[in-house]
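In: just to be clear, the model below is a prediction. Sequence and coordinates:
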Amino acid sequence: MFAPGVPKLMAEFGNSSPMASTFVVSIYFLGFAFGPLVIAPLSEMHGRMYVYHAGNIAFTAFSIGAALSVNLDMLMAFRLLMGVSGSVPTTVGVGSVVDVMKPEKRGRAISLWAIGPLLGPALGPIAGGYLIEAVGWRWVYWLLAILGATFGVLALLVMRETYAPVLLERKAKAIRKATGNCTLRSKLDTEESSRIKIALIRPLKFLFRTPLVSTIAVYVGIVYGIFYLLVTTFSFVYSSQYGFDEGDTGLSFLPADLGMMIGVLSLGHVQDYLVLRAKRNPDDDGKYKLEVKLTPWITLSAGLLMPAGLLLYGWASHYRVHWIVPMIGAMMFALGLTGATMSLQSYQMDSYPRYAASGSAAVILLRSLIGALMPLGGLKMYDALGLGWGNSLLALVCLLLVPVPVGLYLFGERIRKRYDPVL
C-alpha cells in the first residue's frame, strides 16, 4: 500500500539513494520474518487470543508512529515493528484454521483465510496509489491505524480461544479450583520453564531438523521472493515504460490480484474434493495419504505457469508491447504461485496439525527474509540484464523448482516417517 508513495517520501526526506528507497519498503518483511519465531511459540503456550489482541494493539500503535515519522530512520524503525506485529494473523491464523476445521473442509477454509494475506500485496498499492495522490503518504499509516484499531475491537468482542491444549489446561485449572485437588493436571501439562524452552526453539527445529518443512520453506521462500521482486518493478515499468500516473500505476497490481483470487477460490474446493475422495479409499490402516494434496496435475500446472508468466511479463515490457500483455504475464505468475504454495503449505499444515503455527512460522521466516533481501539485489540484476533477460533468469529458477512438489508427492510419506520430529 505504501510502495507508490516512495518517490514522494524520498523527496520529502531529501534522500535519493535507490538502495534506501528499496529498503524502506522491504524492511517490513524483515519484521515479518523474525516476528513469527516468537509469536508462534507464544500462541502454542498461552493460546491464540492473547497473541491476536497484543498484535492488534501493537500494530495500531506502530502505524501511528510511522505516520508521525520525522525522518527516514524513524519510519524504517516503525515499519520494522509493524512487520513484527503484522505477522501475527499470518502466523497464528493457520493454527486457528487447523483448530476448528476438519481435514476435508480445511481447503476451502484456508482459501478464505488466505484471501487477505495473498491479495493484500496486490490490492494495497491500488488503494495506496490513489490515497497518496490525494492526501499524501502519511495517510497510508493513519488509515492502517484506524483499521487496526477497528478490527482489534471486533476481535475483542467476537473471537474466542480455539487451541485445544490451552483449553484443556484451563479446564484442568477450573477443576483444581472447584475440587481443591492441586494434583490434577492435563495430560499435556509440562513445567513452565520446559514449555518456554521447547516452544521457543520449535520453529527453528521445524526449519533445520525436519526435511519436509525445510524443503517447503525454501521453495515458498524463493518463489515469493521472486514475486516480491516482480512487484517492485511494477512502479517503474508502468510509469516509465507506459506513462502511467500514480493512481494508474497502483491499478497495475490488479492482474496479480486477479490471478491470486482465481487460485485461492479454485484450489480450496479442489483440495477438499481430493481429500474426500481419498477418505473413501483409505489405506489398510484406515487413513488416507496426505500427499493427495500435492497431486501432480495441480502442482505441475502451477509450477509451469510461473516461468511462463515471467517470460511473458519480461519480454513484453522490454519491447513495450501493449500494457495488457505484461499484466497477463503477472496474472499467470500469481496464479501459479498461489496454486503451488497453497498446495505445499496445506500439506505441511496437515502433516503437523498440532504445531501448525510453528510450522507456518518456519516457512514465513524464510519467505519474508528472501522477500526483504531479494529486491535489494534483484533491481541491480535488472539494471545489468534488462527486463527481458532478467525475468528469463528468474523463469529458469522457477523451472528448476518444478520437480520439488512432485518429489514430495512421491516420497513425502517416507520422509515424514523417517524424520518425524520430537517437538
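Out: Arrived safely.
In: the nearest residue to Ser26 once chain neighbours are set aside and Val92, how far apart?
Out: Nearest residue to Ser26, sequence neighbours excluded (C-beta to C-beta, 6 or more residues apart in numbering): Ala372, at 4.3 Å. Where C-beta positions appear, they are placed from N, C-alpha and C, glycine not excepted. Ala372 is 21 Å from Val92, where distance means C-beta to C-beta, to the nearest Å.
In: next one: Leu119
Out: Distance of Leu119 to Val92, computed by C-beta to C-beta: 19 Å.
In: settle it for me: which of the two has more neighbours?
Out: Between Leu119 and Val92, counting by other C-beta atoms under 10 Å, Val92 is the more crowded of the two (29 against 18).
In: the more buried one: which element?
Out: Using DSSP states H and E, the element containing Val92 is helix 72-100.
In: any idea which helix or strand comes after that helix?
Out: helix 106-135.
In: and the angle for the following helix or strand past that next one with helix 106-135?
Out: Downstream of helix 106-135, the first helix or strand assigned by DSSP H and E is helix 138-158. For helix 138-158 against helix 106-135, the angle by axes from the mean of the first three to the mean of the last three C-alpha atoms, to 10 degrees is 140 degrees.
In: check which helices and strands helix 138-158 sits against.
Out: Other elements packing on helix 138-158 under the criterion 3 or more C-beta pairs under 8 Å, 6 or more residues apart in numbering; DSSP states H and E are helix 48-67, helix 106-135.
In: and the first one, what does it pack against?
Out: Read it as helix 48-67. helix 18-46, helix 72-100, helix 138-158.
In: by mean pLDDT, show me the worst of those.
Out: With a mean of 82, helix 18-46 has the lowest mean pLDDT of the helices and strands packed on helix 48-67.
In: how about that one: buried residues?
Out: Neighbour counts using 16 or more other C-beta atoms under 10 Å place 21-46 of helix 18-46 among the buried residues.
In: got the angle for the longest helix belonging to the chain vs helix 18-46?
Out: Longest helix in the chain, counting residues (DSSP state H): helix 356-401. Orientation of helix 356-401 against helix 18-46 (the same axes, to 10 degrees) gives an angle of 140 degrees.
In: tell me what angle helix 356-401 forms with helix 48-67.
Out: 60 degrees.
In: which helices and strands does helix 356-401 pack with?
Out: By 3+ C-beta pairs under 8 Å, 6+ apart, helix 356-401 packs against helix 18-46, helix 72-100, helix 192-209, helix 211-236, helix 296-318, helix 324-351.
In: circling back: if I pick the residue nearest to Ser26, what's in contact with it?
Out: 26-30, 32-33 (C-beta atoms under 8 Å, 6 or more residues apart in numbering).
In: give me the number of residues near the spatially closest residue to Leu396 that is not a sequence neighbour?
Out: Closest residue in space to Leu396, ignoring its immediate chain neighbours: Pro307 at 7.2 Å, by C-beta to C-beta, 6+ apart. By the measure other C-beta under 10 Å, the count of residues near Pro307 is 24.
In: is it correct that Pro307 is in contact with Leu393?
Out: No - counting by C-beta atoms under 8 Å, Pro307 stays clear of Leu393, with 10.5 Å between them.
In: and the pLDDT for Arg185?
Out: What the model reports as pLDDT for Arg185 is 66.
In: swap in Ala122?
Out: With respect to pLDDT, Ala122 scores 65.
In: heads up, I number from 32, so please use that
Out: In the new numbering, first residue 32, that becomes Ala153.
In: about what we covered before: who are the packing partners of the helix holding Val123?
Out: Under the contact definition 3+ C-beta pairs under 8 Å, 6+ apart, helix 103-131 sits against helix 37-43, helix 49-77, helix 79-98, helix 137-166, helix 355-382, helix 387-432.
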